[in-house]
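Asker: Could you work out the structure for the sequence below:
(chains A and B)
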Amino acid sequence: MNQDLREGRARIPLSERPEWADVRPVPQDDGPNPLVPIAYTDEFRETMDYFRAVYLANERSPRALHLTKEAIFLNSGNYTVWQFRRLVLEALKVDLHEELEFLEKITRDNSKNYQIWHHRRWVAEKLGTDVTSNELEFTKEIFLEDAKHYHAWSHRQWVLQALGGWEDELAYCDELLEDDIFNNSAWNQRYFVVTRSPHLGGLEAMRDSEVAYAIKAILAKPENESPWRYLRGLYRNNLNSLAEDPRVASVCLDVLMNKRDCIHALNMVLDLLCHCYQPSNEMKNAIDAVVTPESNLSDLNLAARVCSILQLVDPMRANYWEWRKSTIPVHLEDIDPGMEKQCVV
Amino acid sequence: MYMHSRPWLCYWIIHSIALLGDCLDDKLENDVVDFLERCQDPNGGYGGGPGQLPSLIISFRMHDGGEIDVRACYTAISVASALNILDDRLIQNVGDYILSCQTHEGGISGEPGTEAHGGYTFCGLAAMVLINEVNRLDLPGLVNWVVFRQGVECGFQGRTNKLVDGCYSFWQGGVAAIIQRLHLIVNEQLGLPNAFKDDLSIDCEHDSTNSDLSEGERYSEATTSFKNDTCENSQEGEQGFEDGSSGKYNASPPTGVNNTGYNFIKGPVGMRPLFNSMALQQYILLCSQEQAGFRDKPGKRRDHYHTCYVLSGLSICQYSGVKDADSPPLPRDILGPYSNLLEPVHPLYNIILDRYYEAHEFFARS
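Answerer: Below is the predicted model of the structure:
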């Protein structure tokens, strides 16, 4: 650990430190007309000049390791410094548990940096299952401040897949969704766990209970897009089965009848209709009741009518709904109910 | 913050200037070239001139899964494509990987399993077009996801239930622009015959001015000629789709991929924009503009990254109504005076279109 930086003591320039007396710094070659010049501090310039020297000499020594740490504290985004640090760590056979502590401090300052996370993955992979719970705990701490942190989610998924620790993951998703049912990252993690956890039997085994979970969330907040996408995702690659699950049509009907935010419900009904769903009269009436009767849409088939209604209630996506109307499968165009029954894809 | 993104800074600034129709003077341009040449020094951390690129990708693939992500795939593929050095060896496995990143939501994630995200969706979609494997993605699902990313603020968010950010004007707007030229494949995935239906002009009254043809007829023409282009240039891809878009892709790697970017932009635009271009222009000009630059959202500071991608998104909006790349947009498609019109970009590379044509011609010769 860099004592000076950590304890706020005045930094001693490298040029005045006896252990660096034998090294000749290598300045950056920006050329005669440097572009987008960076206003480097003297400290940064000097550190990087010495770094270039040890890097070019390929010096894998304790002082080189220490220097990379100083350079990383000054700028954690330099890929070359991180790469060289890994070479030195390997050469010196350093205890990598200390490296995790160092990374924790760095991450606090700049958690959106690709290099830090890449390095962390490298360290965790070397340490193996010893650090599984440490890594899961570390990402949890990040999520306390930013529950949608992309790098942290990415790291957590890697830990689960490479090192394990799946046992409590579904419960953790529950916890996050109880905190914030709109947290789409938590919904995504739930999908990840349900489809990939070695303990849950996969999507087929989990579908039934997950459909119920999503429906409960939808009924609580129908304007929340996440559970709608999750519900559709449970029948991914098999939307005909989505249309055949009576609970899906039923939740749509429920939302429509209560005249609540209905865009996602109508979006879902449209998908159902395009995949052979046979609407009940109740459903037809609920759809027609969404808009006032003066908008005369009765000449259209039901799927086209849903598109027209969406154009009215969701003007931001009017172009999209118009296009959807133009792509309604041919078999739905005939209003004759006998024809609709031919749909047996 | 930008100490190790200096080539990025060059691109953001120069591309912004170019979008505004201006260019650098000779002296500054020479300095840029000189500077970027220095960045090519492996010690500078930006390895990879044209000759080094294949080894970059191969080394990526040889490392553990964590080293590769959709952004890295796109970077390698788009550069190789622009330089006319894309080949089967480079493409191998990229399509499988990107396909595995399309999530249950419909968008594309950075790595298999993570959350659908605007930046990665752009990268994944554009890369799949460039390697002629875009038919393997679930395009109707992707379209549905991307149009729902435009929210009540009129701008785009990057992920479901997150805040709007000006930079997604390009990442998500670019996805929408690319989709407009993929209607043939979208229709095929929807099981529709690839001749547009006559009644497409329903509810198009606001669009039917100044034209003898109905909207449907106009786009129908576009459909036909794009199909011809596609068949000439991507027979492998077309056959791959016939085999089923969700199954394993068994066709041999596509050939002639170096012309994909060119044929894509030269083909007609078969679909009207599926996002709300006017609303996005409002967000950009009224909320994202700050003095002489652009920002994420009100309350944030302008910066070069946002200026570049917000302006790129504005250009995408302004040209979203044109039916081929060489036509000027109509005044009704531009928010504000026509003098607001920016230069058009190639949506797969986000390079000014004329600069792309020059590069294509140059590297096709060499």
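
Asker: Check whether the residue of the stretch 101-250 of chain B found nearest chain A sits in a helix, strand or coil.
Answerer: Going by CB to the nearest CB, chain A is nearest to B:His104 of the stretch 101-250 of chain B, at 2.7 Å. C-beta: built from backbone N, CA, C; applies to glycine. For B:His104, the assignment made with DSSP: H, G, I helix; E, B strand; the rest coil gives coil.

Asker: Just give the nearest non-adjacent residue to it, would you?
Answerer: A:Gly233 (2.7 Å; CB to CB, 6 or more residues apart in numbering or on different chains).

Asker: Let me know the helix or strand that the one you found is in.
Answerer: helix A:225-234 (DSSP states H and E).

Asker: Report the contact partners of the closest residue to A:Tyr277 other than its chain neighbours.
Answerer: Closest residue in space to A:Tyr277, ignoring its immediate chain neighbours: A:Ala243 at 4.0 Å, by CB to CB, 6+ apart. A:Ala243 makes contact with A:Ala249, A:Asp271, A:Leu272, A:His275, A:Cys276, A:Tyr277, according to CB atoms under 8 Å, 6 or more residues apart in numbering or on different chains.

Asker: Are we agreed that the fifth one is in a strand?
Answerer: I take that to be A:Cys276. No: looking at A:Cys276 with three-state DSSP, it is coil, so not inside a strand.

Asker: before we move on, back to that, kindly indicate which of the contacts of A:Ala243 lies nearest chain B.
Answerer: Closest to chain B, out of all of the contacts of A:Ala243 and judged by CB to the nearest CB, is A:Asp271, at 8.5 Å.

Asker: Give me the mean pLDDT for the helix or strand hosting the closest one.
Answerer: In the assignment (DSSP H and E), A:Asp271 maps to helix A:263-274. The pLDDT scores in helix A:263-274 average 97.

Asker: Verify the stated contact: A:Phe182 with B:Lys162.
Answerer: No: using CB atoms under 8 Å, A:Phe182 makes no contact with B:Lys162, being 9.5 Å away.

Asker: thinking again about what came up before, let me know the next secondary structure element after the helix holding A:Asp271.
Answerer: helix A:281-288.

Asker: Show me which residues of that following helix are buried.
Answerer: Going by neighbour count (16 or more other CB atoms under 10 Å in any protein chain shown), the buried part of helix A:281-288 is A:Met283, A:Ala286, A:Ile287, A:Asp288.

Asker: Then stretch A:42-55?
Answerer: Buried, per 16+ other CB under 10 Å, within stretch A:42-55: A:Phe44, A:Glu46, A:Thr47, A:Met48, A:Asp49, A:Tyr50, A:Phe51, A:Arg52, A:Ala53, A:Val54, A:Tyr55.

Asker: Spatially central, which residue of chain A would that be?
Answerer: The residue lying closest to the centre of chain A (CA atoms, centre = their mean) is A:Tyr150, at 4.8 Å.

Asker: can you pull the contacts of it?
Answerer: Taking CB under 8 Å, 6+ apart, one finds A:Ser185, B:Gly110, B:Thr114, B:Glu115, B:His117 in contact with A:Tyr150.

Asker: ranking those residues by neighbours, who comes first?
Answerer: For these, the largest number of neighbours (other CB atoms under 10 Å in any protein chain shown) sits with B:His117, at 29 neighbours.

Asker: List the contacts of that one.
Answerer: A:Tyr150, B:Gly107, B:Ile108, B:Ser109, B:Gly110, B:Gly158, B:Arg159.

Asker: before we move on, back to that, let me see the mean pLDDT of the helix holding A:Gly233.
Answerer: Mean predicted confidence for helix A:225-234 is 98.

Asker: For the helix or strand following it, which residues meet the burial criterion?
Answerer: Later in the chain than helix A:225-234, the nearest helix or strand by DSSP H and E is helix A:239-244. For helix A:239-244, the neighbour count (16+ other CB under 10 Å) marks A:Leu239, A:Leu242, A:Ala243, A:Glu244 as buried.

Asker: Keeping just the C-alphas, turn stretch A:157-166 into CSV.
Answerer: Listed next in CSV are the C-alpha coordinates belonging to stretch A:157-166 (Å, rounded to 0.1, in the frame of the first residue of the first chain):
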residue,chain,number,x,y,z
GLN,A,157,-22.8,-13.4,-12.9
TRP,A,158,-19.2,-14.4,-13.7
VAL,A,159,-18.6,-15.4,-10.0
LEU,A,160,-21.7,-17.5,-9.9
GLN,A,161,-20.8,-19.3,-13.2
ALA,A,162,-17.1,-19.7,-12.5
LEU,A,163,-17.0,-20.2,-8.7
GLY,A,164,-20.5,-21.1,-7.7
GLY,A,165,-22.6,-19.7,-4.8
TRP,A,166,-26.0,-20.0,-6.5
